[in-house]
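[1] just a sequence and a predicted model for now, questions to come.
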Amino acid sequence: MATRIKIKVIDKNNNLNIRLPGIPFWLISSLCNFAFLLKSIILKHADDLDEETRAILNELDYKSIKEIFDVLRSYEQFDLVDISSGDGTEVKISIL
């Protein structure tokens, strides 16, 4: 059963190198819960969001996000995203 998510983003064109260590699902779930507590305040003060993005964020709820993490947690280790391009850009999201 998976317990963590690891993210790596490398973009040589923009000199971007992000490597996040394995983050436990309980921590991500807690941060999402906190964000949903503040969602109405954030949406009220986010003036630069287009209407489509605002509508999607209004529809999102913690139950849906938690369900996604529960499904990911039920699997063994796998790469959710593993993309490399010829210019040196690499994106990898692993479930550990």
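    That came through, no problem. On a predicted model such as this, the values are computed, not experimentally measured, just so you know.
[2] now do the helices in the chain.
    25-37, 39-45, 51-59, 62-74 (DSSP state H).
[3] out of those, nearest to Ile7?
    helix 25-37 (10.7 Å; C-beta to C-beta). C-beta here means a position set from N, CA and C on the backbone, and glycine is covered the same way.
[4] distance of Ala2 from Ala35?
    22 Å (C-beta to C-beta, to the nearest Å).
[5] more crowded one of those two?
    Neighbour count, other C-beta atoms under 10 Å: between Ala2 and Ala35, Ala2 has more, with 18 against 13.
[6] quick one: the residue lying farthest from the centre of the chain and Ala55, what's the gap?
    Distance to the chain centre peaks in the chain at Gly86, reaching 24.7 Å (criterion: C-alpha atoms, centre = their mean). Noted for Gly86: a distance of 36 Å to Ala55, by C-beta to C-beta.
[7] circling back: give me the pLDDT for the residue farthest from the centre of the chain.
    Gly86 is assigned 86 on the pLDDT scale.
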